[in-house]
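# Can you look at this prediction? I've put the sequence above it.
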Amino acid sequence: MTATDTAAPVLELRDVSKSFGPVVALRSGSLRVDGGSIHALIGENGAGKSTLVKVVAGVHRRDSGVFELGGEAVDFSSTADSKGAGIAVIYQEPTLFPDLSVTENIFMGRQPLARGRRIDRAAMITEAEGLFARLGVRIDPRRPAAGLSIADQQIIEIAKAISLDARLLVMDEPTAALSGVEVDRLFAVARSLRDEGRALVFISHRFDEVFALADTVTVMRDGSYIDTRRIDETSPSELVSLMVGRDVDELFPKVAATIGEPVLQVSGLNRSGVFHDIDLEVRAGEIVGLAGLVGAGRSEVARAVFGVDHYDSGTVTVNGKDVKEHDPRSAIRAGMAFIPEDRRKQGLVIDSSVTRNVAGVIRRGIAKAGLLTAGMENKAAGPWASRLEVKTSALDMNAATMSGGNQQKVVIAKWLATNPKLLIIDEPTRGIDVGTKAEVHRLLSELAGQGLAILMISSELPEVLGMADRVLVLCEGRITAELDRAEATPEAVMHAATHHLEDAS
Amino acid sequence: MSATTEAPARTYSAYSAPLWQRLLLTRETAVIALTAAVILYSIANVPNFDGPLTIKFLLQDIAPILLIALPMTLVIITGEIDLSVASIMGLSSVLLGVLHEGGMSVPAAALLALLAGLACGALNGFLIAYVGLPSLAVTIGTLALFRGIAVGLLGTKAITDFTEKWSDLATGTIGETKIPLVMIPFAVLAIGFVVLLHFSTFGRGVYDIGLNDEAAHFTGVDVARTKLVLFMLSGVVSALAGIYFTLRFGSARGDNATGYELQVIAAVLLGGVSIFGGRGRLHGVLAGVVLIGVLSSALRLESVTVNVTNIIVGLLLVASVILPNVLAAASSRLPRKATPAAPRESHTPDNAASAGVTTRGSDS
Amino acid sequence: MNTDVQPASEVSSGEALLVEPSRLSPTRRAITTVLRSRELSIFLVLLAVVVLATSKNNSFLFSSDGWRNFLLNPSILVLLAVGQGVVIITRNVDLSVGSVMALTAYLTGRLFIDHPGLPIIVVIAACLLLGAVLGLVNGLLVAYGKVPALVITLGTLYIYRGIMLTWAGSDRINAGDLPREFLRLGTRSVLGVPMLTIIAVLVLAAVGYYLHTARGGREMYAIGSDPDAAVLYGLPVRRRLLAAFVLSGALAGLAGALYTARYGTVSSSVGSGIELQAVAAAVIGGIAIFGGSGTVWGAAIGAFLLVTINRALPSLGIEDFWQRAVVGALILGAIVLDRVLAVRQARKLAESRDRS
Amino acid sequence: GCGGDDGGDSGSDSGSGGDGGGALSMTMLPKNLGNAYFDTSTKGAMTAADELGADMEEVGPETGSPDAQVSYINTVAQQGKDALIISANDPDALCDAIEEARSADVKVVTFDADTNPECRDLFINQATSEGIAAKQLELIAEEIGGSGEIAILSASANATNQNAWIATMEEELASNPDYADIELVDTVYGDDEDQKSFDQTEALLQNHPDLKGIISPTTVGIAAAARYLSDSEYKGQVALTGLGTPNQMREFVEDGTVASFALWNPGDLGYLATYAAAALVDGSITGEEGDSFEAGELGEFEVGADGTVLLGEPFTFNADNIGDFDF
Ligand SMILES: Nc1ncnc2c1ncn2[C@@H]1O[C@H](COP(=O)(O)OP(=O)(O)OP(=O)(O)O)[C@@H](O)[C@H]1O
Ligand SMILES: Nc1ncnc2c1ncn2[C@@H]1O[C@H](COP(=O)(O)OP(=O)(O)OP(=O)(O)O)[C@@H](O)[C@H]1O
Ligand SMILES: [Mg+2]
Ligand SMILES: [Mg+2]
């Protein structure tokens, strides 16, 4: 335990457990957070961090253990209780009301009232503008939340949490969707809150952030508390070994691969309002990184190439053959595989079994005369699931109950099963812990070595620089730079990613 | 881990319930058991239920619902709903009558009526799948539209002079048995739909769409086309039911089969299909239809008014969706018994991959 | 763009506004909101129907009966559509309103027969209460049973009507059984506006005001917009759902009493099929079937339009057999229009991003 | 799974179950339940059944649709009842089911609304079409002074009896010189629903500003039309007559909305149908033209052409006599 100077900690959890049916999500979670400090909570995917957070928030009720707030035992049965007790939570997934305005989203349930218990809309909007100013963002407080990018949504969540004026602020991976600039701004706000004497819990998979922000760090593994360290008394490698129980040697195991013929050729791709004049080429054995600030339109380009979205003009060819517009099936037939950024919503049929998910794309191939049985699917999916060591051979397990990292492996397995020539992978390691991250990187590298063409979108600069043979930078829907592995320095990429902004200001 | 080394296979038997449990403890089994129980009870206690005519009348009565329940199950599994089925029945009935009166033979008129049903389904499907409108709203609209066209074409008059041969076919039975002839096309369709839903790639797509249509789209399932096909199937089968209905009663009227949509949906939901989509199986649905049919037949024989039957059907429907939730809530309140011992995963320090995930064994 | 290259160190709580100021003055904004609203477009359709029908046949509007019926006939559907609208805004639906209406319509008659001399206000209160209780049953089942409202209220649609028919047996309420005063409530006018219309408009105004300006009302929108987020947010979801269903039930109860006042007779088919009309009115009026948006004003105008079209068709020389087809086409037209507008709006947003 | 205990047993309260050996068992199947007119006819039938020592039960659908009636006819066949007394919702749609019942030895008597003559044994006719049509024309002509526009508010467009009356009225209007100045401008259908009939009345008045009179040959229709007229500006301007029951119409006759209307006694109709059914069952008649039977206090009746038994002439109710009736 850390040395603390305040008497009662703001939050104290001891040996808290929580199970969902047979799944033990939290075995013995412990956490002690003091006022005026930022406490990082780290652990691999599925370590139980989010579950712990949800117990604190009153979403889940713990099965056993001690839960104290400011020294008093509490037992929340709903999120309203935790809010009342002065806890603000940013959940891992943004939870906005798309039909309501940004302002209403922030103040829902506690809107300022005028006479006659009428909502005072003007006051509310002024307050929202103040919040955005504090966060340094420009969002129209009157616009509906629908249509905001994930990053914007995350910012609204942060504004919401800050406005609660809580004594304890819990942030479950708030930065996963944010770009560097926005992360910096968030951190500034977090520090000012700490300086006001509040307690903050911060969950992230990015060590640089943990070391930049936190005062103390608690490591969890397999639903259990492992250790707590002062940040200035520990090192990334020590934390990694605490997290995974061993040393992770190489995060970006880039293997040099022989680069072959062009596989994917995109030319003149346009979609008004989203991206313009996109030309790109990915060769066999090559990993092309697509970098840019959040909201630059990288995902949109990828989605259009794969055919899940429309585009206005341009052509996409794989191995010289045209791929029909807005027709994922034609893309799959041509040999494309696409691992989208949001695996719960896009990558997986989350309430379906692992088998059904893995066999999802290839089932046409395994069917006999169009007919299909569960046995045939199991037989086809089994090898792929175990090849990626998806953490269960219980293939009929529901994908929803798996942790993020394992879900990502299921998605990868599902696409590798199609034996693709080109893999488009959007944020391959978003929200994935270090251990699994390294595995994913090694896998990508190996696949490229086997001659697969890979187009990789990532918001993590080290990932792009570490993995890609070539880096394309997107800014406001246009490709602003094409950099070789040698030329691709952080400065060069950031310059290209922001040059429109610089021109403007 | 690497992509080339095979991981040792592990079994997590705690996760998969034993096969017999998975087969027996389902909504479908419960509905079938309840249906069987009601049938046995009625045979023993309801006068004349064991009579020779019961099975014939019962099957004739539920035939249209059985038919429409087939495509409706698929439609609801995709997370959509089709409220316009009864109106399509009415429209096909009127078309059959009007065309027959205009001098067309019954088969020719029936074919055109089927095509009209297909077109109605295509309109629904197009608006829902390609324009992206919510099916509840669209089919409330077409419910009024199709019924309105039917009533508009024929007013409130009825056309009743159908060739004897064809009405006999609709009311006839198979050989010496008491099974109505209409069960033959129904059986063919039922087998077709079971294969389509449970044993085909199309059917897997149907479930995927119901669970998560965005992910299905990303996986190459043609969501829009699947929905269009299902609504067209729903339309054409409804038209078939309308034709059967018309010939059975020998009367084509604009208001034929009014209100059947709710009966069909009630039966489908009773049979264990989730209104949210993604869950449900055809045998449960067919049992649900039979259950409602047997109940009304037995209650009618007991001279219970249709009101009481409706109350019972309503209660069954509510209970069938509430009970699983109540039971689940109740069982989670009970102290958790130690789960069967699962192979405990060892956290070997040299295996990063296995250490990353919670063990799912018991903590006893 | 929502990113900014300003260094983080400059950010502090006291800083000046960086929010892009809205270029429109408040009045301009209010005007554009109204002009773009679905309520206005549906109102224009209503106006067109009335103008057309009146130009063919003066007495459609300009006779004392024509005017009265224009206002009077939709009143009952307006009440149901308002209740239904609130329920749909919370992403639920109440299919049992027709049956609730039947039960309370019969209750009205029964009370007057069994307790002659009972004040009218007591009878109406009893109907409101019974409706609220029936709505509460729906709400409890939906909120605590965690089951979709479509299924629950489909079940209670059967159950409530079954209860009504069993209770009524072969009984039937005739105008002769009811006090004259009560019947006059159904047709009386104040300053040329029928009483029933006044009641409906008062209810509409109260509910509309609540939804727009009260926390509870906004929470209903939030719940309909994303029910899971509402739970995570800590909104009193169950309480709001109960309130929505109780309101819908109570308004259906009121509608039942007023139906009896208006038509004088209660037969077994009172209100059957009206639930779909109420849903249709809400949808035509711009309430999204999946909740979270729309207003009860729209639902009320939708109800007016539905009823008025029915009345106008014969005047327009269309056989009244085609009424339902026209209503169906109207519903489809309304939702397709919504969709087209939404797509255009999205395209505009995209284009504006291009230009910026 | 769950137990299968609900459902089946809750229905054993009301029904008399099967037919207890020798006792005569009959089922009364009106167009729909909850209709005052049919309640009265059922009451008459029950009285007759008591006199005959027969078992009689009433079943019926909620709404007047033929397919719902078919299920009840089937049930009667299953139960092997002796006789079915029915008012048909459709002349053709019920025939197959009725034939099935007859082949299970059920005698079928229709009343109020007939099916095709081939499918039933007897039809108890409340009055001849001519008699009813003539009576209503006579009443309306008298009230509008022999000239002007009139309209008809009927039940549903395929109600057999209504259509027969309307056809006869149309012929009579065209051929009878007394009615030369009367013009039938519209026929609308209220489907025997209160609200629809009410709204149809409104539409009629709105679309035909010169309308002088309305004939509504259905009890639901005339009551709804009277309700509409009684507090509209047309009260006293537009005459209304047709077929109604005294209890429903009393108020409107007393307040002057309606001067007179006609009807037979539906109770007598049910009573007669029951006696006719009993006579069929015991074999004393077969339904041939010329057969005759005793119908309790109503006296003796003879089967006419097409297996029809006629109850008598319609009766005219007006302010002078309405107080004498209670049904
Ligand atoms: N509602 C649930 N039902 C069943 N299992 C669950 C549920 N929620 C979480 N789990 C399981 O509990 C374990 C811990 O999950 P949790 O989300 O807390 O992990 P985490 O540390 O936040 O992981 P990540 O870094 O991926 O967000 C996982 O194995 C997960 O599958
Ligand atoms: N749901 C949406 N509706 C409308 N516009 C959107 C939506 N999502 C994103 N956009 C806009 O599209 C553009 C690109 O979006 P997006 O943020 O997904 O790009 P990206 O480069 O893939 O970023 P990310 O790293 O978040 O995936 C931005 O201008 C964004 O505001
Ligand atoms: Mg998490
Ligand atoms: Mg992206």
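Yep, it's here. Ligands and ions are numbered 1, 2, ... in the order given.
# Identify the residues contacting residue 117.
If you meant another chain, say so; for now it's chain A. Contact analysis of A:Arg117 by CB atoms under 8 Å, 6 or more residues apart in numbering or on different chains lists C:214-215. Every C-beta, even on glycine, is put in place using the N, C-alpha and C of the backbone.
# meant chain D, my bad for not saying
D:123, D:306-308.
# what's the pLDDT at the most centrally placed residue in chain D?
The C-alpha lying nearest the average C-alpha coordinate of chain D belongs to D:Asp112 (CA atoms, centre = their mean; 4.0 Å). We have a pLDDT of 86 for D:Asp112.
# Contact partners for it?
D:30-31, D:38, D:41, D:87, D:124, D:126, D:161, D:266, D:269.
# Kindly indicate which of those lies nearest A:Met376.
Of all these, A:Met376 sits closest to D:Lys31, with 57.1 Å by CB to CB.
# so the closest one is in which element?
Under DSSP states H and E, no helix or strand contains D:Lys31.
# Hmm, it is touching D:Asp90, no?
No: counting by CB atoms under 8 Å, D:Lys31 stays clear of D:Asp90, with 10.0 Å between them.
# pLDDT-wise, which helix or strand of chain A ranks last?
helix A:490-504 (a mean of 71; mean pLDDT, DSSP states H and E).
# what stretches of the stretch 301-450 of chain A score poorly on pLDDT?
Residues of the stretch 301-450 of chain A meeting the criterion pLDDT under 70: A:389-394.
# quick check, stretch D:206-222 touching chain C?
Yes: for stretch D:206-222, a contact with chain C is found by CB under 8 Å from any CB of the partner chain, at D:206-207, D:209, D:220.
# how about residue 66, what does it touch?
As the question left the chain open, I've gone with chain A. Here A:Val66 is in contact with A:12-16, A:73 (CB under 8 Å, 6+ apart).
# sorry, should have said chain B
B:186, B:190, B:286, B:289.
# do you know how far the residue in the stretch 251-356 of chain C that ligand 3 sits nearest to is from chain D?
Nearest residue of the stretch 251-356 of chain C to ligand 3, counting by CB to the ion: C:Gly292, 27.0 Å away. The gap separating C:Gly292 from chain D is 34 Å, by CB to the nearest CB, to the nearest Å.
# thought that residue was touching A:Phe97?
Yes: assessed by CB under 8 Å, C:Gly292 is found in contact with A:Phe97 at 6.8 Å.
# so what's in contact with these two at the same time?
Counting by CB under 8 Å, 6+ apart, the residues touching both C:Gly292 and A:Phe97 are C:221-222, C:225-226.
# could you pick out which of these are near chain D?
Answer for the shared contacts of C:Gly292 and A:Phe97 near chain D: none qualify (CB under 8 Å from any CB).
# Buried ones only from those residues, please, as a ChimeraX command.
A single ChimeraX command selects the buried members of those (16 or more other CB atoms under 10 Å in any protein chain shown):
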select /C:221,222,225,226
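# closest to ligand 1 among the shared contacts of C:Gly292 and A:Phe97?
Distance to ligand 1, by CB to the nearest ligand atom, is smallest for C:Asp226 among these, at 17.7 Å.
# Could I get the average pLDDT for stretch B:30-38?
92.
# picking up where we left off before, redo the contacts of B:Leu66 as TSV? Include secondary structure, distance to A:Arg167 and neighbour count.
Output for these, formatted as TSV (DSSP: H, G, I helix; E, B strand; the rest coil; distance: CB to CB, whole Å; neighbours: other CB atoms under 10 Å in any protein chain shown):
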residue	secondary structure	distance to A:Arg167	neighbour count
B:Phe186	helix	66	23
B:Ala190	helix	62	18
B:Leu286	helix	58	26
B:Val289	helix	58	25
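# would JSON lines of those with pLDDT and distance to chain A be doable?
Below are these laid out as JSON lines (pLDDT from 0 to 100; distance: CB to the nearest CB, whole Å):
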{"residue": "B:Phe186", "pLDDT": "95", "distance to chain A": "22"}
{"residue": "B:Ala190", "pLDDT": "96", "distance to chain A": "17"}
{"residue": "B:Leu286", "pLDDT": "95", "distance to chain A": "20"}
{"residue": "B:Val289", "pLDDT": "95", "distance to chain A": "26"}
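# Output the below-cut-off pLDDT ranges for chain B.
B:1-24, B:156, B:330-364.
# now chain D
Flagging of chain D using pLDDT under 70 yields the residue ranges D:1-22, D:158.
# Which ChimeraX command selects the buried ones in the contacts of A:Val66?
For the buried members of these, the matching ChimeraX selection, counting by 16+ other CB under 10 Å, is:
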select /A:12,13,16
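# so which pair among the contacts of A:Val66 is furthest apart in space?
Most distant of the contacts of A:Val66, by CB to CB, are A:Asp15 and A:Ala73, 13.6 Å apart.
# for B:Leu123, helix, strand, or coil?
helix (DSSP: H, G, I helix; E, B strand; the rest coil).
# residues contacting it?
Contacts of B:Leu123 by CB under 8 Å, 6+ apart are B:Thr142.
# How many residues are close by the closest residue to chain D within chain B?
In chain B, the residue that lies nearest chain D is B:Ala37 (2.3 Å; CB to the nearest CB). The number of residues packed near B:Ala37 is 19, by other CB atoms under 10 Å in any protein chain shown.
# Is it part of a helix or strand, or is it coil?
Assignment for B:Ala37 (three-state DSSP): helix.
# How much space separates it from chain A?
Taken as CB to the nearest CB, the span from B:Ala37 to chain A is 29 Å.
# in chain B, which spans are strands?
Assigned by DSSP state E, the strands in chain B fall at B:158-159, B:252-253.
# Pipe the ones you listed into JSON lines and attach mean neighbour count and distance to A:Gly375 per row.
As requested, these are exported to JSON lines (neighbours: other CB atoms under 10 Å in any protein chain shown; distance: least, CB to CB, whole Å):
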{"stretch": "strand B:158-159", "mean neighbour count": "25", "distance to A:Gly375": "52"}
{"stretch": "strand B:252-253", "mean neighbour count": "32", "distance to A:Gly375": "48"}
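# Chain A: which of the ones you listed is closest?
Nearest of the strands of chain B (CB to the nearest CB): strand B:252-253, 37.9 Å.
# Pull the distance from that closest one to the chain's centre.
Strand B:252-253 sits 25 Å away from the centroid of its parent chain (CA atoms, centre = their mean, to the nearest Å).
# Can you tell me which of the contacts of D:Asp112 is closest to ligand 4?
Distances from ligand 4 to those, taken by CB to the ion, are shortest for D:Lys31, at 65.9 Å.
# Going by secondary structure, the nearest residue to the closest one once chain neighbours are set aside is in what exactly?
Counting by CB to CB, 6 or more residues apart in numbering or on different chains, D:Lys31 lies nearest to D:Gly64, which is 4.3 Å off, once chain neighbours are set aside. Per DSSP H and E: D:Gly64 is located in neither a helix nor a strand.
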